[in-house]
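Undergrad: Structure for this input, please:
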Amino acid sequence: MALATVIAITAFTISSFAATDAETHKRDLTADEIATIKTMFKADQYAKYYPDVVAELGDDEDVLFTHFITFGIWEQRQPSVSFNVDVYASRNPDLQIAYGDDIIAYYIHYATHPAENAWRATPTPHDAVWNNCVIYSVYDFVKGQAGPKAGAIPVLTANSHSRIDMGD
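TA: A predicted model of the protein is given here:
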């Protein structure tokens, strides 16, 4: 019985902790932010990446975008195959200093600075693995500091990338 209690508490604590980052950072978005982020969203790709969302909500483009902007963005789900916020944040130390853990700032920067996209690293998990990069959660960055906060655990490394499709 004691073991079952410990397991239950541990499972609840881990689940609660996992939701903490998204809930802590979640905020209302402005109409301009939503419109800008929508330019990066590809419903067919989002549906392919997240069949759990399609199973629950269907594949209507507007419904999927609403899910993304309401929940998915905060959970660090990808809006398309061409942009992953964790990769973009991890591979751009200058943006880490400027934005820290402000997930929306990275989206807005990427969408509104297209000329920079030519010289910045490709913000996809596939490219990060190919280039042997270590990727951290965007929530592990601190404004004013390059690199993740102390004790941060990578979400993707060259040897640990089970959640990505290497064919993308």
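
Undergrad: The spatially most central residue of the chain: which element?
TA: What sits nearest the mean C-alpha location of the chain, by CA atoms, centre = their mean, is residue 76, with 2.6 Å. Following DSSP states H and E, one finds residue 76 outside all helices and strands.

Undergrad: count of residues packed around residue 68?
TA: Using other CB atoms under 10 Å, residue 68 has 23 other residues around it. Where you see a C-beta, it was placed from the backbone N, CA and C, and this is true even at glycine.

Undergrad: cool, and residue 73?
TA: Residues within reach of residue 73, counting by other CB under 10 Å, total 22.

Undergrad: these two touch, right, it and residue 79?
TA: Yes - counting by CB atoms under 8 Å, residue 73 touches residue 79, with 7.5 Å between them.

Undergrad: what residues are shared contacts of these two?
TA: Shared contacts of residue 73 and residue 79 (CB atoms under 8 Å, 6 or more residues apart in numbering): residue 37.

Undergrad: all helices in the chain, in order from the N-terminus.
TA: Here the chain has its helices, by DSSP state H, at 2-25, 31-38, 43-49, 51-57, 61-67, 85-90, 93-99, 103-112, 125-130.

Undergrad: Just list what the second one packs against, helices and strands only.
TA: Counting contacts by 3 or more CB pairs under 8 Å, 6 or more residues apart in numbering; DSSP states H and E, helix 31-38 packs against helix 103-112.

Undergrad: next one: the third one
TA: Identification of packing neighbours for helix 43-49 by 3+ CB pairs under 8 Å, 6+ apart yields helix 51-57, helix 61-67.

Undergrad: ok so, going back, quick check: which of the helices of the chain is buried the most?
TA: Most buried of the helices of the chain by mean neighbour count (mean count of other CB atoms under 10 Å) is helix 85-90; its value is a mean of 25.

Undergrad: Now do that helix: everything it contacts.
TA: Outside helix 85-90, the residues touching it (CB under 8 Å, 6+ apart) are 76, 78, 95-96, 99, 103, 106-107, 110, 120-121, 123-125, 127-128, 133-138, 141, 148, 155-156.

Undergrad: quick one on the thing from earlier: my guess is the residue nearest to the centre of the chain meets residue 103, correct?
TA: Yes - contact criterion CB under 8 Å: residue 76 and residue 103 qualify, at 7.3 Å.

Undergrad: shared neighbours, these two?
TA: Common neighbours of residue 76 and residue 103 (criterion: CB under 8 Å, 6+ apart): 85, 138-139.

Undergrad: And these, which is closest to residue 24?
TA: Nearest to residue 24 among these: residue 139, at 7.9 Å, using CB to CB.

Undergrad: Once you drop chain neighbours, what's closest to the closest one?
TA: Nearest residue to residue 139 in three dimensions, chain neighbours excluded: residue 21, at 4.3 Å (CB to CB, 6 or more residues apart in numbering).
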